[in-house]
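[1] need coordinates for the following:
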Amino acid sequence: MGLFQDLVAIQREIYLAFADRIGEFAKTGDWALLAAYLPMGILFGAVHALTPGHSKAVLATYLTASKASVPRGLAVSLVLSFVHVGLSVLIALLSLPLVSVALGSVGRAPLLEDISRGLLGVIGLWMLWQGWRGTGHAHGQGMAAGIAAGLIPCPLTLFVMTFAISRGVPEAGVAFAAVMMIGVAIVLGTVALAAVLFRQQLLRLLAARPCTVDAVTRSIQIIAGLVLIAMALNTIAV
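    Numbering: from 1, shown residues only. Alright, predicted model coming up:
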């Protein structure tokens, strides 16, 4: 709990400081003033991604059970980061027509969350089937998982964008969201790298026993599929 509170406190300090910069930028239009503080957005995004959520568990579960290489795993994490942050920017920019449809409460988009979990449930069923049949892993499935997991908008990006739009400088919010995405991508990329390397190391240790490797691979796929299905069902139940 102490670490979580520290992370929240750091986010709050950065957000308040950047809010002041947005206010100054709205008055002066001085990009140099804003740009000097933008690198803090990377720290903001990284700290934010370390807090609960952001589909880290989904990403780790999927990549542990997949046959994705390190580059592909990092690509999936990048897609997840881009969709997670970019969708929030899009919602904010199109807030007038979308807010009454997608947003049920501040910083959340229940409709998109339901779609995200539903798609992850479908992917979980497919992984369960693959593990049961012992079939190969679809190459496009990783990107689909990244997109599905990223459909849950980033609440802090929505807050920053809304604040910037209210000051008449949406471009400031977009700039901050762009650097914030770098921080989110660094954390999710680290999770992806750890998951892929763990799987590769495990299979390397079992390399002398091909039958065992096949059994372990299929078991991991089945377990991962069940986990994704459970996450989807839990969200629907709530």
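
[2] quick one, phi psi at residue 66?
    Listed backbone geometry of residue 66 is phi -90, psi -180, with angles given as degrees, to the nearest 10.

[3] which residue ranges of the chain form helices?
    Counting by DSSP state H, the chain has these helices, from start to end: 2-28, 31-35, 40-50, 56-65, 70-93, 95-102, 110-133, 141-150, 155-166, 170-205, 210-237.

[4] can you list those in TSV and add mean neighbour count and mean pLDDT?
    Just so you know, the C-beta spots here come from the backbone N, C-alpha and C atoms, and that holds for glycine as well. TSV is the format used below for the helices of the chain (neighbours: other CB atoms under 10 Å; pLDDT from 0 to 100):
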stretch	mean neighbour count	mean pLDDT
helix 2-28	14	82
helix 31-35	14	86
helix 40-50	22	87
helix 56-65	24	83
helix 70-93	21	89
helix 95-102	12	48
helix 110-133	18	67
helix 141-150	23	76
helix 155-166	21	83
helix 170-205	19	90
helix 210-237	16	70
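
[5] ok, and the closest non-adjacent residue to residue 51?
    Of all residues beyond its chain neighbours, the one nearest residue 51 is residue 7 (5.3 Å), with distances taken as CB to CB, 6 or more residues apart in numbering.

[6] my bad, should have said residue 70
    Ranked by CB to CB, 6+ apart and with sequence neighbours excluded, the top spatial neighbour of residue 70 is residue 196, at 5.2 Å.

[7] who touches that neighbour in this structure?
    The contact partners of residue 196, taken as CB atoms under 8 Å, 6 or more residues apart in numbering, are 63, 64, 68, 69, 70, 73.

[8] the residue nearest to residue 51 touches residue 49, doesn't it?
    No - between residue 7 and residue 49 there is no contact under CB atoms under 8 Å: 9.8 Å.

[9] now for residue 42: which residues touch it?
    With contact taken as CB under 8 Å, 6+ apart, residue 42 is in contact with 179, 180, 182, 183, 186.

[10] try it again with 6 Å
    Listed by CB atoms under 6 Å, 6 or more residues apart in numbering, the contact partners of residue 42 are 179, 182, 183.

[11] adding distance to residue 59, write the residues you listed out as a markdown table.
    A markdown table is the format used below for the contacts of residue 42 (distance: CB to CB, whole Å):
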| residue | distance to residue 59 |
| --- | --- |
| 179 | 21 |
| 182 | 17 |
| 183 | 16 |
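
[12] out of those, which one sits closest to residue 219?
    Sorting the contacts of residue 42 by how near they are to residue 219, with CB to CB, puts residue 183 at the top with 34.8 Å.

[13] the closest one against residue 45, yeah?
    Yes - contact status for residue 183 versus residue 45: in contact at 2.6 Å, counting by CB atoms under 6 Å.

[14] contacts for stretch 180-192 next, please.
    Around stretch 180-192, the neighbours that count as contacts under CB under 6 Å, 6+ apart are 41-42, 44-46, 49-50, 56, 59-60, 63, 73-74, 77-78, 80-81, 85.
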